[in-house]
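Peer 1: prediction below, plus the sequence it came from.
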Protein chains: 2
Amino acid sequence: MEDIPRDGTAAPKGTVTQRAIERIKAMITDGSLEPGQRLPTERDLAAELGISRSSIREAIRALTVLGVLEARHGSGIYVTALNAGDLLETFGVVADLSRGPRLVELLQVRRILESTATALAAARITPEELAAVEGHLAAMNATDDPEEILAHDLEFHRVIARAAGNETMAAILEGLSSRTFRARVRRGYQEEGAFARTRREHAAIHRALAARDPEAARSAAAAHVGEVEEWLRGQVGP
Amino acid sequence: MEDIPRDGTAAPKGTVTQRAIERIKAMITDGSLEPGQRLPTERDLAAELGISRSSIREAIRALTVLGVLEARHGSGIYVTALNAGDLLETFGVVADLSRGPRLVELLQVRRILESTATALAAARITPEELAAVEGHLAAMNATDDPEEILAHDLEFHRVIARAAGNETMAAILEGLSSRTFRARVRRGYQEEGAFARTRREHAAIHRALAARDPEAARSAAAAHVGEVEEWLRGQVGP
DNA sequence: GGTCTGGAGGTGGTCGGACCACTTGGGCGA
DNA sequence: TCGCCCAAGTGGTCCGACCACCTCCAGACC
């Protein structure tokens, strides 16, 4: 089906695998591949694109780590739901690999987005979601286990991000708060006994949400993240 | 040759390739692999990790598309500078693959970040950068070629994002404004003769920057992106 | 001596085939 | 009819070979 164009229009741009990646991406953007749909087998795809199975496998693997495809052993290859979460999972990798000044920059981005998300949440949070927030807040204050505190801390912010009504923003914030990222920052941070302050900040955020006060929520969230940001800036820079 | 696992700690989590990806990522995070450094040969890496060359190649390919590694044919594999741009390039893929409601969400994220970036830029932009902004503004108004306009439009915002002093934020905005994304939005948008309005908005942003007025810059940028956002919302939703 | 050039070796890129691990679904037997 | 089991099909892994490209240096040349 795929005869080789003799003219230079289809320039042999990049590697064969790279072209395969583009082809598959194109199939999705132009609608021939729907979310959740099953792709042809690796062997068929290879034949269809006129390349070897090894090459098509590399392309598939690449799209898999990007969260676009999902390979199920023994079953087949499927297009993911293309949810924001699927695609933005790689955002966590960036946080993991970032060090020094870029960590501060990432935290700055998070401060901007998180404060806005919290403000939005204040205006549209449901009673159920507010109850969940309170639950995590209480759980956080009820234990001394750092692991558990961190887990509820993450959930606390996750629920708020979800309540903002922007799945994409929530997914980005999720990546920005990836486990290792938080753990790394926390490790040193908590040692300075900033526990009490963190609790106060969380409480302030909750109060603003309960009062449905977007501006207060924005300030509280910005202050919360900014606190960590300032500390980290001191650790990195001179 | 390597039938015996060295110790029991090597849990058989996931596929061999997946483990290889984690191993390489770990080498970078723990510092054994510096940015710009050359990795061992694919053949050596395969032997070192006790896996086949095919598998290690898939892992390398995956990290390549993530912007972590860079393979130079005939030369070797290198760790990228790990700049924000390298790692966040994949963000553009998300924009390319997003449709419908998620496009609106992405634009909302862009509005938040772009307005903040513009505000920051107003406070710290240098005369040289301001001149560059003016240059693109003038070039944009001097031609009718949509291609050229789009190019200068992108540069206009790029210079401003850079001037904000946060490379990470600039890289994210770059991905959010990827060529195809903008082209897709523009295609229909310009047809409604919103040309003049776009010019006015750009001029307003420039005025705010020249006046070093962060608040005015924030409003102007938010209005600019919000304009497109509103239009797109109307296209998607009912 | 310094400079250019050619080639050899090493590297990633591609290919084809083989086998294994796992899932699936239909046929067989109870 | 129900349940189990196995065969076919799928992705996962490995191997060996060859190709395209880059690098570097020995040797020729000026």
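Peer 2: Great, that's in hand.
Peer 1: hey, let's count contacts and neighbours off CA atoms from now on
Peer 2: Will do.
Peer 1: what helix or strand is A:A62 on?
Peer 2: Per DSSP states H and E: A:A62 is located in helix A:53-65.
Peer 1: tell me which helix or strand comes right after that helix.
Peer 2: Taking DSSP H and E, what comes next after helix A:53-65 is strand A:69-72.
Peer 1: now do whichever helix or strand comes after that next one: which elements does it pack against?
Peer 2: As assigned by DSSP H and E, the chain's next helix or strand after strand A:69-72 is strand A:76-79. In this structure, strand A:76-79 packs against strand A:69-72, with contacts taken as 3 or more C-alpha pairs under 8 Å, 6 or more residues apart in numbering or on different chains; DSSP states H and E.
Peer 1: which other residues reach the strand it packs on?
Peer 2: Outside strand A:69-72, the residues within contact range by C-alpha atoms under 8 Å, 6 or more residues apart in numbering or on different chains are A:I60, A:L63, A:T64, A:I77, A:Y78, A:V79, A:T80.
Peer 1: want to throw these into TSV with distance to B:L150 and neighbour count?
Peer 2: Converted to TSV, the contacts of strand A:69-72 look like this (distance: C-alpha to C-alpha, whole Å; neighbours: other C-alpha atoms under 10 Å in any protein chain shown):
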residue	distance to B:L150	neighbour count
A:I60	33	24
A:L63	29	21
A:T64	32	20
A:I77	37	20
A:Y78	35	20
A:V79	32	20
A:T80	32	19
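Peer 1: for DNA strand D, state which of these is nearest.
Peer 2: A:I77 (4.6 Å; C-alpha to the nearest atom of the strand).
Peer 1: who touches that closest one in this structure?
Peer 2: A:R38, A:L39, A:P40, A:T41, A:L69, A:E70, A:A71.
Peer 1: and the gap between it and chain B?
Peer 2: Counting by C-alpha to the nearest C-alpha, to the nearest Å, the gap from A:I77 to chain B is 15 Å.
Peer 1: ok, that residue to DNA strand C distance?
Peer 2: 11 Å (C-alpha to the nearest atom of the strand, to the nearest Å).
Peer 1: state the pLDDT value of the closest residue to that residue other than its chain neighbours.
Peer 2: Once flanking residues are discounted, A:I77 sits nearest to A:A71: 4.4 Å by C-alpha to C-alpha, 6 or more residues apart in numbering or on different chains. Looking at A:A71, its pLDDT is 97.
Peer 1: DNA strand D contacts on chain A?
Peer 2: With C-alpha under 7 Å from any atom of the strand as the criterion, chain A comes near DNA strand D at residues A:39-43, A:54, A:57, A:71-77.
Peer 1: repeat the analysis, applying 6 Å as the threshold.
Peer 2: Counting by C-alpha under 6 Å from any atom of the strand, the positions of chain A adjacent to DNA strand D are A:P40, A:T41, A:E42, A:R43, A:A71, A:R72, A:H73, A:G74, A:S75, A:G76, A:I77.
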